[in-house]
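A.B. asks: here is the input, now give the coordinates:
(4 chains)
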4 protein chains.
Amino acid sequence: MSMPRSLAAEGIGSLLLSATVIGSGIMGERLAAGNLAVALLANTAATVAVLAVLIALFGPVSGAHLNPAISLVQALRRKMTWGAFLSYGIVQIVGCCAGAVLAHAMFGRALLESSLHARTGVSQWLAEAVATCGLLLVVMGHRRAEDAPWMVAGWIGAAYWFTASTAFANPAITLARSLSDSFAGIRPQDVPGFIVAQLIGALVGLAVSRQLFPSAPAQATPRRAPHECASDREPGTALQGCVRQRRP
Amino acid sequence: MSMPRSLAAEGIGSLLLSATVIGSGIMGERLAAGNLAVALLANTAATVAVLAVLIALFGPVSGAHLNPAISLVQALRRKMTWGAFLSYGIVQIVGCCAGAVLAHAMFGRALLESSLHARTGVSQWLAEAVATCGLLLVVMGHRRAEDAPWMVAGWIGAAYWFTASTAFANPAITLARSLSDSFAGIRPQDVPGFIVAQLIGALVGLAVSRQLFPSAPAQATPRRAPHECASDREPGTALQGCVRQRRP
Amino acid sequence: MSMPRSLAAEGIGSLLLSATVIGSGIMGERLAAGNLAVALLANTAATVAVLAVLIALFGPVSGAHLNPAISLVQALRRKMTWGAFLSYGIVQIVGCCAGAVLAHAMFGRALLESSLHARTGVSQWLAEAVATCGLLLVVMGHRRAEDAPWMVAGWIGAAYWFTASTAFANPAITLARSLSDSFAGIRPQDVPGFIVAQLIGALVGLAVSRQLFPSAPAQATPRRAPHECASDREPGTALQGCVRQRRP
Amino acid sequence: MSMPRSLAAEGIGSLLLSATVIGSGIMGERLAAGNLAVALLANTAATVAVLAVLIALFGPVSGAHLNPAISLVQALRRKMTWGAFLSYGIVQIVGCCAGAVLAHAMFGRALLESSLHARTGVSQWLAEAVATCGLLLVVMGHRRAEDAPWMVAGWIGAAYWFTASTAFANPAITLARSLSDSFAGIRPQDVPGFIVAQLIGALVGLAVSRQLFPSAPAQATPRRAPHECASDREPGTALQGCVRQRRP
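C.D. replies: Got it, this is the predicted structure:
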């Protein structure tokens, strides 16, 4: 598993994820005749489907983080170097923003917009923290690599509905959504609050996971061949990227 | 598998399950523009997704009962001690009630409400008994531990629609729903009828399972290491908790 | 695998399947505020979910036919005796009719009704034949027993929408639906046309399967232990019941 | 795996896929009371379900391409001969057009129609290229044959919503849709633009896949028995057809 290939996978995956989130929101709102629940159902279904596909497709290549909050936790667990984290984060943000542009191009809108969708306040921040905390529990606690796609996607799909914020749960996606004045958008000034809440939730998720799923020793991972990453039975290995192990 | 960790898993799982059931009901009703079928579709989808995720995530830790009716049956089958049953039940109820509070906090409502949603009568009680009976058939009859998440979630999702009561099928969730005056709520005075019906359904399910799936000998389970619980091929082992075997 | 237990599994499975089909139709129509597409979406989702669960649950016990058309084909393939076919068929029909009564009881309706829902004509019969033919292709052509639940359920779910008849594809369910004057109902006088079309479709499906999936030799199945039925890799073995092999 | 059987599988699979896409569109539009988002949700659900079923069912027989763009890429990768590609393409197109006729017959419409549904312009072509490019990434990059059904179906389901064109992503289906003046239709004069965009997307997907998933050596595939095709762990093998290997 080479770093350029990993970064390409993270970038393409982030682009397609973001294009799906924003594009399906535009399509849903356009067709739903004012019934926002139907629009959000379509937005949820498309996001869940593509997220599961992308994790299964790019997981063996890059870990399929597609999310700086996940990469941060993997760096804190020493599953990837801080240099790799930085590269991942930049590629994820660029990929997600490019996804917004791609969605706008496909729907014939201005390539970049500034969202007017207000999403702020303590309730919304609590929701983002809960959504991201649960995401980290799933990422770190799942037992079989082949379960990661449906479990991550299932969690995000549920959180779209039960957290009041519709579960952005991803700083890169949050930035990208601020570039779209559509169903999935968020005002630029509301972005920092969401990202802080997401990072707090991720750190809480990391702490809880260490207590609940102790059989995944973060500091004692042996080196192994890349193809073993995908079949490892320790909790949380499917999405850890395996980048650090490849660099002596 | 330690008891404190099991109880933490049951508590967190119950909290997230309850927050999903109630939170997605609030979101669904808020967005559905009066079309209650759309609201219930969203409520169902979120519940099904989170239930499958939580069972896969916490099953290896605590059995992921998340439901006093299931714990009761496992105690009757001597798969867990009565002391463990009591601890599980308390944690499940506290977790579910905390989930109602969390949902209300995320949606900016009063933290505790008293539901005005009437759900009573013989038809409703019959529906709860059917829903819980079928749940126990699935819990005790599934053959592979990895099938428990989708089978339990699939049964509950179907029962949301075909039982007239929308399939609470869980005494702890029933109590928690009485604390929310929203789509998923139930009047406090209607709670006892639901719980009695659920327990009758669970006992019927236990009796039927013993006839239909006899290859799971409840009294002759050998001791085994915790990780074996998850790969056991006897019917119904995935959700039995494995707690009793760990305590000589 | 004993015959009484197989018949009990077929009966309970047929009851729950029929109660789901009819009950979720009642619930969907009641809540959907006149949008029949939303009602059919709910009806489809509940049917798909319960069908997959029931096949996974009862497949190892009875083959989980839940459908006289499937039992007929298995008898023609000499996978079960004609006596077993007769017993299966009776239990399936009684179970499905009891499911209609159960659904009505849960929704507080008259226990037995006579449907006024007209479903007749060449287009409808063609649709039933296509739906049942495809069902038999899936039953006989799937390669792994663990795929039968989602493949059968997925086919029926798609056929609910793309065949104009909403894919009854099951003579026992057709009879039961004639007992319910609700969303899922069918006029008694339209039942024979549906059943004839279903049986023709099943026979066409059998003939096509024999050409397309020849590695499943219908006449040369070796005897084997019941638990092997579930892991057999020959096409179509998951739903064949394994009854015949048990009787020397 | 014989060529006549492979062609029969491709033909029947293409017919059922096309009948589902067009038939569920007719049903959705008929029932949705003007809410096009609900109609597209139903259209998506039916397509996703049948696509997964057909790939699982016919994948071991013919590779279950059901799509000339996939067959073209497999021919370019030398996974099938150009003669086989030609036969596959003809059968796919005939099958898809027959599926349109079947759908119309089931819904009691004229057997052949000419669509008036305008779908053209750079945005639409970009959408088709993105949808087909992603489809090829999934086809060539998935690691386990048993994942191909849900990953291909999941991608198409998401792309129905996030690409503005509703992701035809298949030249044979595009031709068939031009024969139906219904929800899923496309004007005959808009077909060439869609097909060119799809082929460009497929070629881009092939090029990207070769960089991202290099462990699938297109030119060095050893000969093997047909049943090995389904369990091969190289990326992209599930849908390659295995036809070429069978002919010395």
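
A.B. asks: give me the nearest residue to A:Ser209, chain neighbours excluded.
C.D. replies: Nearest residue to A:Ser209, sequence neighbours excluded (C-beta to C-beta, 6 or more residues apart in numbering or on different chains): A:Met140, at 3.9 Å. Every residue, glycine included, has its C-beta placed from N, CA and C.

A.B. asks: likewise A:Gly141?
C.D. replies: Once flanking residues are discounted, A:Gly141 sits nearest to A:Phe213: 4.6 Å by C-beta to C-beta, 6+ apart.

A.B. asks: quick check: that neighbour vs B:Ser87, distance?
C.D. replies: 20 Å (C-beta to C-beta, to the nearest Å).

A.B. asks: the more surrounded of these two?
C.D. replies: More crowded of A:Phe213 and B:Ser87, by other C-beta atoms under 10 Å in any protein chain shown: A:Phe213, with 22 against 19.

A.B. asks: would you confirm that the more buried one contacts A:His142?
C.D. replies: No: judged on C-beta atoms under 8 Å, A:Phe213 makes no contact with A:His142 at a distance of 9.1 Å.

A.B. asks: show me the contacts for the residue nearest the centre of chain A.
C.D. replies: Residue closest to the average C-alpha location in chain A (C-alpha atoms, centre = their mean): A:Asn67, at 3.9 Å. A:Asn67 is in contact with A:Gln92, A:Leu135, A:Ala169, A:Asn170, A:Pro171, A:Ala172, A:Ile173, counting by C-beta atoms under 8 Å, 6 or more residues apart in numbering or on different chains.

A.B. asks: and what of A:Gly95?
C.D. replies: When contacts are counted by C-beta under 8 Å, 6+ apart, A:Gly95 touches A:Glu10, A:Gly11, A:Ile12, A:Gly13, A:Ser14, A:Leu15, A:Ser18, A:Leu66, A:Ala172.

A.B. asks: contact residues of chain A facing chain B?
C.D. replies: A:34-38, A:40-41, A:44, A:48, A:121, A:123, A:126-127, A:130, A:134, A:137-138, A:141-144, A:147, A:150-151, A:154-155, A:157-158, A:160-165, A:208, A:211-214 (C-beta under 8 Å from any C-beta of the partner chain).

A.B. asks: the helix or strand containing A:Leu54: what's the following helix or strand?
C.D. replies: Assigned by DSSP states H and E, A:Leu54 belongs to helix A:36-62. Remark: after helix A:36-62, the chain's next helix or strand is helix A:68-76, criterion DSSP H and E.

A.B. asks: which ones among the contacts of A:Gly95 come in contact with chain D?
C.D. replies: Taking C-beta under 8 Å from any C-beta, the overlap between the contacts of A:Gly95 and the neighbourhood of chain D is A:Ile12.

A.B. asks: can you say which helix or strand has A:Gly108 in it?
C.D. replies: With DSSP H and E as the test, A:Gly108 turns up in no helix or strand.

A.B. asks: residues touching the residue nearest to it when sequence neighbours are not counted, list them.
C.D. replies: Nearest non-adjacent residue to A:Gly108, counting by C-beta to C-beta, 6+ apart: D:Ser123, 4.2 Å away. Residues in contact with D:Ser123, defined by C-beta under 8 Å, 6+ apart, are A:Ala105, A:Met106, A:Phe107, A:Gly108, D:Ala164.

A.B. asks: pLDDT for these - can I get that in a markdown table?
C.D. replies: Listed next are those as a markdown table, based on pLDDT from 0 to 100:
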| residue | pLDDT |
| --- | --- |
| A:Ala105 | 98 |
| A:Met106 | 97 |
| A:Phe107 | 97 |
| A:Gly108 | 96 |
| D:Ala164 | 90 |
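
A.B. asks: most neighbours among the residues you listed, which one is it?
C.D. replies: A:Met106 (27 neighbours).

A.B. asks: distance of that residue from A:Asn43?
C.D. replies: In this view, A:Met106 and A:Asn43 are 15 Å apart by C-beta to C-beta.

A.B. asks: ok and the residue in chain A nearest chain C?
C.D. replies: At 8.4 Å from chain C, A:Val38 is the closest residue in chain A, using C-beta to the nearest C-beta.

A.B. asks: for the residue nearest to that residue when sequence neighbours are not counted, what are its contacts?
C.D. replies: Excluding the flanking residues, the one nearest A:Val38 by C-beta to C-beta, 6+ apart is A:Ala32, at 4.3 Å. A:Ala32 sits next to A:Val38, A:Ala39, A:Ala42, D:Asn35, D:Ala37 when contact means C-beta under 8 Å, 6+ apart.
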